[in-house]
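J.: Here you go, sequence then predicted model.
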Amino acid sequence: MSFQDDARASAAAMRAVFPATPLLRNEVLSGRFGADVWLKREDLSPVRSYKLRGAFNAMRKVMRDDAVFVCASAGNHAQGVAFMCKHFGVRGVIFMPVTTPQQKIMKTQMFGGDHVEVRLTGDYFDDTLASAQAFCLKAGAHFLSPFDDEDVIEGQASVAVEIEEQLGRVPDHMILPVGGGGLSAGTRSFFEDRVAYTFVEPSGAPSLAKALAIGHPVDVSPINNFVDGAAVATIGVRTFERLKSVEAADVIDIPEDRICTTIIDMLNVEGIVLEPAGALAIEALGDVADNISGKTVVCVTSGGNFDFERLPEVKERAQRYSGVKKYFILRMPQRPGALKDFLNILGPDDDIARFEYLKKSARNFGSVLIGIETRRPENFDRFLAELDAGGFTYTDITNDETLAQFVI
């Protein structure tokens with residue numbers, strides 16, 4: 001059988017477990033980009049990500065009554081494995097870092113019920129992975145890779161199978177998020193060269209781009225873990241084998257703060273809850289706008305496991321990237337009326353979001369941390385010009401990541 005036949009068989013077998021996720025045309029995005037834009041809503045799977053597909057396919061291939069399955073994950077893979085352990089009625093041992101948020105631990109336990117045991121070990125994922133693999137050797141259990149496994153790749157290809165069935169044809173262009181490469185490798189292996197591709201990585205973890213540049217997978221640590229569903233230090237060996245002929249120009253990376261603008265936009269405009277990795281493909285539409293006009297484009301929204309405790313951070317990042325929020329260290333004269341003079345500089349659309357005296361730098365001056373929100377980025381041109389005219393000394397620390405970690 002061909003890879004396409006195997007992927008179709010995998011997709012057919014899944015129908016006994018969960019329905020196909022929707023493929024929905026998005027009117028707003030279609031109008032904005034002058035294209036026929038569809039969203040493959042993997043955020044609407046039973047575990048709110050596509051990861052249960054690969055877990056299902058890998059597990060069904062080696063299933064036996066006394067099987068014990070093991071994985072190391074702090075997120076979607078853990079939940080997919082837990083869901084399938086309960087479905088197949090087998091035991092699962094899921095290793096998660098000690099630092100895993102309680103919400104993710106609870107959801108993993110909820111999906112697996114009595115069939116899974118969650119073990120918290122290691123502060124960092126590498127330590128967690130080593131513990132899981134050591135347990136597999138000792139217990140003779142089956143390790144389930146989140147992406148670097150042929151059966152997992154085949155299972156993720158069921159996304160492409162459903163797209164072709166639901167659309168009734170092959171799309172012109174696919175936009176895919178890339179982490180370890182399982183979804184991308186499966187989709188590209190199924191569609192082959194029948195479609196154009198854009199592969200999207202977070203700027204803080206460009207594992208595919210770096211692998212293509214040198215010809216083999218390479219560790220790109222340290223990585224930025226904000227886009228946790230796609231922040232992978234090294235792309236898989238097996239996934240890269242299926243992606244190594246990708247053109248470098250078809251791989252783009254998007255800054256983490258920019259991704260936040262799409263999360264907020266989709267939540268406010270469409271009522272769609274996406275995790276950072278799930279927003280990658282949609283945000284990439286702007287990068288390929290010149291190439292997709294009038295074409296049928298499918299973006300895979302890979303996951304919607306968003307912890308709403310992160311919403312203030314996501315909003316903050318989006319505002320800073322969009323230029324409507326800035327932070328300054330302001331040297332404030334310690335004289336009567338100085339604060340009033342500063343407040344008079346603010347325009348009708350400006351608002352103080354943060355005001356904190358840091359320390360007195362001299363007897364006659366004090367350092368102030370101040371955050372300003374406004375409606376339009378260009379408002380800061382006038383604001384800064386009036387600060388200069390008023391003789392205020394200031395430093396813009398909005399994009400100083402090191403300093404921002406300590407004071408913002």
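T.: Yes, it's here.
J.: Summarise which helices and strands the longest helix seen in the chain is packed against.
T.: In the chain, assigned by DSSP state H, the helix with the most residues is helix 125-139. Helix 125-139 is packed against strand 68-72, strand 91-96, strand 142-143, with contacts defined by 3 or more C-beta pairs under 8 Å, 6 or more residues apart in numbering; DSSP states H and E. Using the backbone N, CA and C atoms, a C-beta is placed for each residue, glycine as well.
J.: With distance to V17, mean neighbour count and mean pLDDT as new columns, can the ones you listed be given to me in TSV?
T.: Below are the helices and strands packed on helix 125-139 laid out as TSV (distance: least, C-beta to C-beta, whole Å; neighbours: other C-beta atoms under 10 Å; pLDDT from 0 to 100):
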stretch	distance to V17	mean neighbour count	mean pLDDT
strand 68-72	15	24	95
strand 91-96	15	24	95
strand 142-143	19	18	96
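J.: So for L23, which of the ones you listed sits nearest?
T.: Closest to L23 of the helices and strands packed on helix 125-139, according to C-beta to C-beta: strand 68-72, at 28.3 Å.
J.: What is the closest one packed up against?
T.: Strand 68-72 packs on helix 76-88, strand 91-96, helix 125-139, strand 142-143, going by 3+ C-beta pairs under 8 Å, 6+ apart.
J.: CA atoms only for that strand, dumped as CSV, please.
T.: The C-alpha trace of strand 68-72 is given here as CSV (Å, rounded to 0.1, in the frame of the first residue of the first chain):
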residue,chain,number,x,y,z
VAL,A,68,1.7,-0.3,28.6
PHE,A,69,2.2,3.0,26.8
VAL,A,70,4.6,5.7,27.9
CYS,A,71,5.1,9.3,26.8
ALA,A,72,6.9,12.4,28.0
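J.: Specify the angle between that strand and helix 76-88 in degrees.
T.: 170 degrees (axes from the mean of the first three to the mean of the last three C-alpha atoms, to 10 degrees).
J.: Strand 68-72 vs strand 91-96, what angle?
T.: 10 degrees.
J.: so where is the stretch 301-408 of the chain shaky, pLDDT-wise?
T.: Scanning the stretch 301-408 of the chain for pLDDT under 70 picks out 359-363, 404-408.
J.: again, 90 this time
T.: When residues are selected by pLDDT under 90, those of the stretch 301-408 of the chain lie in 307-309, 330-343, 356-368, 390-393, 399-408.
J.: how about the helices in it?
T.: In the stretch 301-408 of the chain, the helices defined using DSSP state H, counting those that start in this stretch lie at 311-322, 338-343, 379-389, 401-407.
J.: Of all these, which one comes closest to V251?
T.: The nearest among the helices of the stretch 301-408 of the chain, by C-beta to C-beta, is helix 311-322 at 21.3 Å.
J.: got the buried residues for that closest one?
T.: Neighbour-count burial for helix 311-322, counted by 16 or more other C-beta atoms under 10 Å, picks out V314, K315, E316, R317, A318, Q319, R320, Y321.
J.: contacting residues around that helix?
T.: The contact list for helix 311-322 (C-beta atoms under 8 Å, 6 or more residues apart in numbering) reads 255-258, 260-261, 263-264, 276, 325-326, 373, 377, 398-399.
J.: mind listing which of those are in strands?
T.: With DSSP state E as the criterion, strands contain K325, K326, E373 from among those.
J.: need the least confident one among the helices and strands packed on strand 68-72, by mean pLDDT.
T.: Among the helices and strands packed on strand 68-72, helix 125-139 has the lowest mean pLDDT, at a mean of 89.
J.: what are the ranges of the helices in the stretch 151-300 of the chain?
T.: 158-167, 182-191, 207-214, 237-243, 256-265, 276-283, 289-292.
J.: Once you drop chain neighbours, what's closest to the residue positioned nearest the centre of the chain?
T.: For the chain, the residue whose C-alpha lies nearest the mean C-alpha position (C-alpha atoms, centre = their mean) is A277; its distance is 1.8 Å. Using C-beta to C-beta, 6 or more residues apart in numbering and skipping the chain neighbours, the partner closest in space to A277 is G229 (3.0 Å).
J.: my read: the one you found touches Y50, true?
T.: No: using C-beta atoms under 8 Å, G229 makes no contact with Y50, being 9.9 Å away.
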